[in-house]
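Undergrad: how would this look folded up:
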Amino acid sequence: MSVSFTEKQFLVESFIVTRKQREALNGQKAFVVWLTGLSGAGKSTIARLLEAELFQQGIRTLVLDGDNTRQKINRDLDFSPAGRSENIRRIAEIARLLNDAGVVVISALISPFEKDRQIARSIIGKDCFVEVFVNTSIETCINRDRKGLYKKALNGEIKDFTGINSPYELPSSPCITVDTENQSSNKIVNDIVLWLKKNNYVKKK
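TA: Numbers count the residues shown, from 1 in each chain. Sure thing, here's the model as predicted:
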């Protein structure tokens, strides 16, 4: 069956339904909250609580973290610098697609290297990338160590473990910095939501 010129145009051009139209249908702006910090810093806890708070405000969200990416789509990747970079790139691409569907994404990822976070920002778009630095000391993270990962890393059982035998590069200019050692998770989430409203990511109510 032959394809008409109009159909050929349709096949190579962008989708008929635009991101703005999807955002309008959802009644929200699509963006990514990118939580970065050491293992044990509290990123996943903040992500889940933030998702719950935004859900209560009628905002459609999805959390991307190690539990639903490393065990699934990125299970072929190791924790070498190259593996970490590819992990971040893939998640950023997924986040961008979800944003195109009008969905807010909350990522909870160590993402230890500044260059990888900058690549994620460029993929997602700088105006839609809200970087949150979960600033927690390595000592506190080691003390928390619920999964015993730091102990294994210190004993040489895990290679390329961030904070022990692989570096964590501090964000150069995060949108928000939070401190899980001196602030409660609920206060942190409240502060993030207030920032999102102040900067017109989330509608004020």
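
Undergrad: which is the next helix or strand following the one helix or strand Val63 maps to?
TA: Element membership of Val63, judged by DSSP states H and E, is strand 61-65. Next helix or strand after strand 61-65 toward the C-terminus (DSSP H and E): helix 66-69.

Undergrad: Okay, and Ser122 sits in which element?
TA: Ser122 belongs to helix 114-124 when assigned by DSSP H and E.

Undergrad: Enumerate the positions of that helix that are buried.
TA: 116-117, 119-121, 123-124 (16 or more other CB atoms under 10 Å). Just so you know, the C-beta spots here come from the backbone N, C-alpha and C atoms, and that holds for glycine as well.

Undergrad: Once you drop chain neighbours, what's closest to the spatially most central residue of the chain?
TA: Centroid-nearest residue in the chain, with CA atoms, centre = their mean: Ser107, separated by 2.1 Å. With CB to CB, 6 or more residues apart in numbering as the measure, Leu64 is the residue that lies nearest to Ser107, at 4.6 Å, once sequence neighbours are left out.

Undergrad: Would you mind measuring from the one you found to Arg70?
TA: With distances defined as CB to CB, to the nearest Å, the gap from Leu64 to Arg70 amounts to 10 Å.

Undergrad: Tell me what angle the top helix by length along the chain forms with helix 114-124.
TA: As far as residue count goes, and with DSSP state H defining each element, the longest helix of the chain is helix 81-100. Interaxial angle, helix 81-100 versus helix 114-124 (axes from the mean of the first three to the mean of the last three CA atoms, to 10 degrees): 20 degrees.

Undergrad: Now do the strands in the protein.
TA: When secondary structure is read from DSSP state E, the chain shows strands at 32-36, 61-65, 104-108, 129-134, 176-178.

Undergrad: can you put those in TSV and add distance to Thr45?
TA: TSV is the format used below for the strands of the chain (distance: least, CB to CB, whole Å):
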stretch	distance to Thr45
strand 32-36	10
strand 61-65	11
strand 104-108	9
strand 129-134	9
strand 176-178	11
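
Undergrad: Out of those strands, flag the one nearest Pro167.
TA: Taking CB to CB as the criterion, Pro167 comes closest to strand 32-36 out of the strands of the chain, the separation being 13.4 Å.
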